[in-house]
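*Asks:* Just to be clear, the model below is a prediction. Sequence and coordinates:
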Amino acid sequence: MLKLATRGSALARWQADEIARLLRRADPDLGIEVVVVETTGDRRQDVPVWEMGGQGVFVKEVEAAVLDGRADVAVHSAKDLPSSTAPGLALAAVPARADARDALVGSTLDGLGPGAPIATGSVRRRAQLAWLRPDLTFVPLRGNIATRLDRVPLGGAAVVAAAALDRLGLSSRASEVLDVSDVLPQVGQGALGVECRADDEAALRMLASIDDVDAHLCVDAERAFLAQLGGGCDLPVGAYARIERREVSIEGLIASPDGRVVLRARRGGNLADAPSLASALAEELLASGGRDLIEIGAATA
């Protein structure tokens with residue numbers, strides 16, 4: 001019997017069920033139980049994620065269920081993971097990655113009139129859309145996918161992850177899927193991250209059977225980029241790694257919250273060098289103005 005810990009939203013339950021399906025495909029006799037954990041991020045939907053500590057607010061309680069033995073495995077959206085894995089845990093599997101892009105629900109970007117409202121709780125999405133369309137206005141948006149779809153502003157659009165729509169059978173609701181050349185995804189977006197205790201050899205062995213080596217490498221590179229910037233960076237940050245012809249390419253971004261300054265660069269090379277390429281990319285952005293952005297942000301926080 002393997003116990004999977006997850007959040008309780010429809011999307012989180014889908015993710016846990018998908019991991020269960022993959023595990024049972026590898027071992028049809030495996031018994032699986034889902035353990036639902038309510039997180040601080042789920043309870044406090046009136047507070048922006050960045051005010052509660054940013055990345056990590058949706059995973060800590062789920063991880064705690066594994067560390068204290070209530071569950072064997074934690075299933076997360078990889079984009080919710082902080083830049084480093086919690087002590088005592090291992091990121092044991094990243095299955096094949098889904099669409100990493102962001103999507104608009106409501107209007108297309110070109111279809112938005114001057115001053116049209118965009119609903120999003122993400123500083124990353126807001127900054128990049130403001131860079132593309134400085135005339136837009138922004139309104140806060142939190143909650144599960146159903147809540148977000150119900151709160152699309154009149155004459156405007158809401159921004160959600162394309163993978164979330166796909167996984168819940170709602171892809172037809174997308175008015176436009178934004179190309180990564182316009183809006184760079186969040187670190188780990190579109191991927192699932194599956195953790196277990198670092199000393200749990202049985203769980204590590206089972207999870208290895210559902211790991212996608214390329215997806216795992218890309219997520220590791222993106223997290224290395226985030227770690228090099230400083231895992232607690234509250235500024236808009238994005239990164240996206242992909243593998244083409246057995247070489248890795250990673251693009252990274254850091255921006256001012258108002259979108260007036262957007263720093264973006266790309267590096268590529270051998271697969272084995274992915275983490276060092278990601279770290280070097282982060283250093284390049286820090287040296288080209290990112291460090292000043294971080295210092296200004298810290299001074300005004």
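*Replies:* It's in.
*Asks:* use CA for all of it now, contacts and neighbours both
*Replies:* Will do.
*Asks:* Helix or strand next in line after the helix or strand hosting L204, which one?
*Replies:* Assigned by DSSP states H and E, L204 belongs to helix 201-208. Going down the chain from helix 201-208, the next helix or strand is helix 213-229, by DSSP H and E.
*Asks:* just checking, what packs against that next one?
*Replies:* Packing partners of helix 213-229 (3 or more CA pairs under 8 Å, 6 or more residues apart in numbering; DSSP states H and E): strand 237-244, strand 247-255, helix 274-285.
*Asks:* And the strands in the protein?
*Replies:* Assigned by DSSP state E, the strands in the chain fall at 2-6, 32-36, 73-77, 89-93, 102-106, 117-119, 137-139, 157-161, 174-178, 192-197, 237-244, 247-255, 262-270.
*Asks:* Looking at the ones you listed, which is nearest to S276?
*Replies:* Of all the strands of the chain, strand 262-270 sits nearest to S276, with 10.0 Å by CA to CA.
*Asks:* mind listing what that closest one pairs with, with the direction of each?
*Replies:* strand 247-255 (antiparallel) (DSSP bridges).
*Asks:* TSV for the strands of the chain, including distance to V213?
*Replies:* Output for the strands of the chain, formatted as TSV (distance: least, CA to CA, whole Å):
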stretch	distance to V213
strand 2-6	22
strand 32-36	24
strand 73-77	17
strand 89-93	9
strand 102-106	24
strand 117-119	35
strand 137-139	38
strand 157-161	23
strand 174-178	26
strand 192-197	13
strand 237-244	11
strand 247-255	13
strand 262-270	15
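*Asks:* Can you lay out those strands as JSON lines showing mean neighbour count, mean pLDDT and distance to K60?
*Replies:* Formatted as JSON lines, these follow (neighbours: other CA atoms under 10 Å; pLDDT from 0 to 100; distance: least, CA to CA, whole Å):
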{"stretch": "strand 2-6", "mean neighbour count": "24", "mean pLDDT": "97", "distance to K60": "11"}
{"stretch": "strand 32-36", "mean neighbour count": "17", "mean pLDDT": "97", "distance to K60": "13"}
{"stretch": "strand 73-77", "mean neighbour count": "27", "mean pLDDT": "97", "distance to K60": "10"}
{"stretch": "strand 89-93", "mean neighbour count": "21", "mean pLDDT": "98", "distance to K60": "12"}
{"stretch": "strand 102-106", "mean neighbour count": "25", "mean pLDDT": "98", "distance to K60": "25"}
{"stretch": "strand 117-119", "mean neighbour count": "25", "mean pLDDT": "98", "distance to K60": "27"}
{"stretch": "strand 137-139", "mean neighbour count": "15", "mean pLDDT": "97", "distance to K60": "28"}
{"stretch": "strand 157-161", "mean neighbour count": "25", "mean pLDDT": "97", "distance to K60": "22"}
{"stretch": "strand 174-178", "mean neighbour count": "19", "mean pLDDT": "98", "distance to K60": "30"}
{"stretch": "strand 192-197", "mean neighbour count": "25", "mean pLDDT": "98", "distance to K60": "12"}
{"stretch": "strand 237-244", "mean neighbour count": "22", "mean pLDDT": "96", "distance to K60": "21"}
{"stretch": "strand 247-255", "mean neighbour count": "23", "mean pLDDT": "97", "distance to K60": "25"}
{"stretch": "strand 262-270", "mean neighbour count": "16", "mean pLDDT": "97", "distance to K60": "30"}
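*Asks:* quick one on the thing from earlier: and of the helices and strands packed on helix 213-229, who's closest to I210?
*Replies:* Ranking those by distance to I210, with CA to CA as the measure, places strand 237-244 first at 19.0 Å.
*Asks:* now the angle from that closest one to helix 274-285?
*Replies:* Using axes from the mean of the first three to the mean of the last three CA atoms, to 10 degrees, one finds that strand 237-244 and helix 274-285 are set 140 degrees apart in direction.
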